[in-house]
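In: take this sequence and fold it.
(one chain, ligands or ions: 3)
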Amino acid sequence: MSRTIIVSNRLPTKAHRTDNGLEFTPSEGGLATGLGSIYRADGNVWIGWPGLVVEDPDEQQHVIGQLHEDSMSPVFLTDAEIRDFYEGFSNETLWPTFHYFSQYAVFDQHQWEVYVAVNEKFCEAVLREAGPDDTIWVHDYQLLLLPQMLRKARPDSSIGFFLHIPFPSQEIIRAMPWREQLLEGMLGADLIGFHTYGYMRHFLSAVSQLLGYPSQNGMVEAGQRSVLVDAFPMGIDYEKYAELAASEPALKSEQTYREALGDVRVILSIDRLDYTKGIAQRLLAYELMLQQYPEWREQVTLFMLVVPSRDQVEQYKELKEEIDELVGRITSTYRTLSWNPVQYFYRSFPIEDLAGLYRLAEVALVTPMRDGMNLVAKEFIACKGDQPGVLILSERAGAARELSDAIIINPSDMHQVAEAMHEALIMPEQEQRHRMANMQALVKQYNVHHWVQLFMDRLAYSKIKQQTLATTKLDADVLQQMIEQYKSAEQRLLFLDYDGTLAPFNKNPQKARPDEDLLQLLRALSADKRNRVVIISGRDRNTLQEWLGHLPLDFIAEHGVWFKAEGDEWSMAQGLRNDWKLEIRPILDMHVSRTAGSFIEEKDYSLVWHYRRADAELAAVRARELTSHLNFMATNNDLQVMEGNKVVEVKSAGVNKGLAAARWLTNYPDATFILALGDDRTDEDTFRAMPEEAFTVKVGGTGRSLARYNINNTNEVRRTLRALL
Ligand SMILES: O=P(O)(O)OC[C@H]1O[C@H](O[C@H]2O[C@H](CO)[C@@H](O)[C@H](O)[C@H]2O)[C@H](O)[C@@H](O)[C@@H]1O
Ligand SMILES: O=c1ccn([C@@H]2O[C@H](COP(=O)(O)OP(=O)(O)O)[C@@H](O)[C@H]2O)c(=O)[nH]1
Ligand SMILES: [Mg+2]
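Out: Ligands and ions are numbered 1, 2, ... in the order given. All right, here's what the predicted structure looks like:
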């Protein structure tokens, strides 16, 4: 049976050393709490670090045994690895960079090397655990290189990767050394997931700008592989939190806090101690609120829970001091004998207490500067049950993309945050209930189980997509087979695309004129009376006539608008019109004027917008715009719009290379050797039209195609054709 192997830096359980030996408790942080409830199913295993340095072999055995009972398998890290891999590269380089705190980022070659080595250590641990049919799901920024390492060892495995933190603009990624390695590392996966569409867009743009890999509908063409990229906002275990909040221990804990606090309104703030969470800014906004709305003094308290985190990292130590000072100042300025403006706790709380606090609070104040998702916001909603309550949420938390019924704020705008608190405290109960119900419906539906299912389904889809478009290298064995069939055939049919197949792609299409070598090759091929050599091209017939018309070849021009069998005149497909050009040409002209470097090619029955010389990213956007504009016009005009290699082409409907090739196949039913070579999306129509036994060969690119085989470039095409002779 195939299992899922989850891999993350931190396990959902952590080991502690106590006077009574080792103890095991749940880990904090969104990843552990979010996935914690699903990994135990069906023999799945979670591989990761148990949160403690354990060097003694006996003690390691003990930890392995304990964790094994709960479907976990530990990766032990040394003190030096914790320093350079975890605190170092992960949390002093990647974490600040990906959260737009570049000013905090450290670039240290040694830490990078340890990061690579620890990713390798994880790789070995996974390979020990995972069978060939198991699905491997890698999580988060500490393991960006792992997907590619696993891919090398297991070329066919299903590997998913999910990033739990933001993926920043490519301008930020660009500033990092090792950026190419990090991106390539992620691309070892079959599916890469992000919390939001924004992060996904940034990633695709980084991959395009820094690695030159194009993508379409989220499929990145990464060299010989294709990788699906998509957005999956992570949910929580809604039922678990809802049930927990209604349970005896949670109600009891709510009551205890209520009795201790007396009759005050509670604003709740919960996060790990982290500069990304905007804790200091939040305190300043709260202070401002108390200044601007004195009526809330003695009426409201900020219940602030800060969970210790990464406390060996310098920035975190400094932040701790800053928060301590701010709390001290606000408390000493505003407190009275019977009231505390801030109830500040620096420790972690058991989950029942958290549920009690979520119930107790009227307002949850979630104001990170940047946050991949933020699960606290969702947990607050799930725990509210039928109580009213208001969520104040930073626009820069991933959760804000979903929770539009929260009061959405800009966390850097202190005045706005202070106003939001006031607004929340005076919000009519009915409105609170209405908003809360909307958010509950959403968090309930898009829960963590839904998230896992969606990710797994897309991973399977990515695999299928890869397989249907997989081609085999045209190696010596295939070539030998081809030569044998060629030799024994009495009649042969060769479909040869021109640009990108017989002749290299040229920046200026008029410069792709055949050289002497090519002419000689075609002459030799067509000299054999058993051969029908068909040039099947998108080019206009005049160019083909001028360049190759003197040879005994057959022609299919303009993707099948024009035909010419050897010795015949040119003839045209039936029922074509070109009066639509009057209407369509101005649209293409407009795109040329908006996109420097692009140009138009006019053929008898089609118009083509070329953008190979334009800025790649801009042109890709323009091409999409143009395609959708043309598609809109096309329905009334009986036209078709095709996106090819750096072109958008519009032509009469019912014309494509596939239909034209099919016609040739019926004209020569006795052909027992059929070869089709092409490089472009338009050649896929040819491949589709070929009988199963045909040798279909995709030239260049990723090799992903409906063709059976692939070869690298026009040189290899010529070599292959020469081998037949
Ligand atoms: O392992 P630590 O260094 O102690 O840090 C705890 C975790 O923090 C991060 O959580 C993120 O994942 C959440 C769920 O997707 C998301 O809501 C939040 O915005 C993220 O910050 C980190 O990504 C994890 O790897 C850490 O384990
Ligand atoms: O004392 C605490 C306080 C919080 N949390 C949990 O820590 C997680 C924080 O996740 P979030 O996505 O908000 O941020 P992260 O810390 O992962 O960046 C939430 O599930 C909280 O319930 C916890 O386990 N113990
Ligand atoms: Mg071509």
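In: what's the one helix or strand residue 322 maps to packed up against?
Out: Assessed by DSSP states H and E, residue 322 sits inside helix 314-334. Helices and strands touching helix 314-334, by 3 or more C-beta pairs under 8 Å, 6 or more residues apart in numbering; DSSP states H and E, are helix 279-292, strand 342-346. Bear in mind the C-beta positions are built from the backbone N, C-alpha and C, glycine included.
In: quick one: which of these is nearest ligand 3?
Out: helix 279-292 (56.2 Å; C-beta to the ion).
In: distance from the chain centre to the helix or strand just after the closest one, please.
Out: Next along the chain after helix 279-292, taking DSSP H and E as the criterion, comes strand 300-307. Centroid separation for strand 300-307 versus its chain: 35 Å, with C-alpha atoms, centre = their mean, to the nearest Å.
In: who does strand 300-307 pair up with?
Out: Strand 300-307 sits in its sheet next to strand 265-272 (parallel), strand 342-346 (parallel), going by DSSP bridges.
In: who touches the shortest one?
Out: The contact list for strand 342-346 (C-beta atoms under 8 Å, 6 or more residues apart in numbering) reads 261, 273, 283, 286, 301-306, 308, 320, 323, 327, 330-331.
In: mind giving me the ChimeraX command for buried ones among the residues you listed?
Out: If you want just the buried ones from these in ChimeraX, going by 16 or more other C-beta atoms under 10 Å, the selection is:
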select :261,273,283,286,301,302,303,304,305,306,320,323,327,330
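In: I figured residue 26 hits residue 15, correct?
Out: No: the criterion here is C-beta atoms under 8 Å, and residue 26 misses it with residue 15 at 11.7 Å.
In: which one's more surrounded, the two?
Out: residue 15 (22 against 14; other C-beta atoms under 10 Å).
In: ok so that one is a strand residue?
Out: Yes: counting by DSSP: H, G, I helix; E, B strand; the rest coil, one finds residue 15 located in a strand.
In: nearest to ligand 3: which residue in the stretch 351-500 of the chain?
Out: residue 500 (3.6 Å).
In: please name the bridge partners of residue 364.
Out: Beta-bridge partners of residue 364, counted by DSSP bridges, are residue 268, residue 391.
In: for it, give its distance to ligand 2.
Out: In this view, residue 364 and ligand 2 are 11 Å apart by C-beta to the nearest ligand atom, to the nearest Å.
In: close to ligand 1, is stretch 158-177?
Out: Yes: under the criterion of C-beta under 6 Å from any ligand atom, ligand 1 is reached by stretch 158-177 at 164-165.
In: mind listing what's buried along that stretch?
Out: Quick answer for stretch 158-177 (16+ other C-beta under 10 Å): 158-168, 170, 172-173, 176.
In: try stretch 103-116
Out: Using 16+ other C-beta under 10 Å as the burial criterion, the residues of stretch 103-116 that qualify are 104-105, 111-112, 114-116.
In: hang on, the earlier thing: which one of the contacts of strand 342-346 is nearest residue 519?
Out: Of all those, residue 273 has the smallest distance to residue 519: 73.0 Å, by C-beta to C-beta.
In: show me where the chain dips below the pLDDT cut-off.
Out: 1, 30, 37 (pLDDT under 70).
In: re earlier: OK, contacts around the residue of the stretch 351-500 of the chain closest to ligand 3?
Out: If you count contacts by C-beta under 8 Å, 6+ apart, residue 500 has them with 645, 678-680, 699-700, 714.
In: most neighbours out of those, which is it?
Out: Of the contacts of residue 500, with other C-beta under 10 Å as the count, residue 678 tops at 29 neighbours.
In: I'd say that residue and residue 687 touch.
Out: Yes: with contacts counted by C-beta under 8 Å, residue 678 reaches residue 687, the gap being 7.0 Å.
In: okay, and the common contacts of those two?
Out: Residues touching both residue 678 and residue 687 by C-beta under 8 Å, 6+ apart: 698, 707.
In: returning to that earlier point: out of the strands paired with strand 300-307, which is the most enclosed?
Out: strand 265-272 (a mean of 22; mean count of other C-beta atoms under 10 Å).
In: give the helix, strand or coil label for residue 608.
Out: strand.
In: what is the burial count for it?
Out: Residues lying near residue 608 (other C-beta under 10 Å) number 21.
In: that one and residue 600, how far apart?
Out: Distance, residue 608 to residue 600, using C-beta to C-beta, to the nearest Å: 7 Å.
In: shared neighbours, the two?
Out: Contacts common to residue 608 and residue 600, judged by C-beta under 8 Å, 6+ apart, are absent.
In: was I right to think residue 548 contacts residue 535?
Out: Yes: Residue 548 is in contact with residue 535 according to C-beta under 8 Å; the separation is 6.2 Å.
In: common neighbours of these two, please.
Out: The contact sets of residue 548 and residue 535 overlap at residue 555 (C-beta under 8 Å, 6+ apart).
In: run through the contacts of residue 500 and flag the ones next to ligand 3.
Out: 679-680 (C-beta under 5 Å from the ion).
In: the contacts of residue 500: which ones sit near ligand 1?
Out: Answer for the contacts of residue 500 near ligand 1: none qualify (C-beta under 6 Å from any ligand atom).
In: turn the contacts of residue 500 into JSON lines, including secondary structure.
Out: Shown next, in JSON lines, are the contacts of residue 500 (three-state DSSP):
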{"residue": "645", "secondary structure": "coil"}
{"residue": "678", "secondary structure": "strand"}
{"residue": "679", "secondary structure": "coil"}
{"residue": "680", "secondary structure": "coil"}
{"residue": "699", "secondary structure": "strand"}
{"residue": "700", "secondary structure": "coil"}
{"residue": "714", "secondary structure": "helix"}
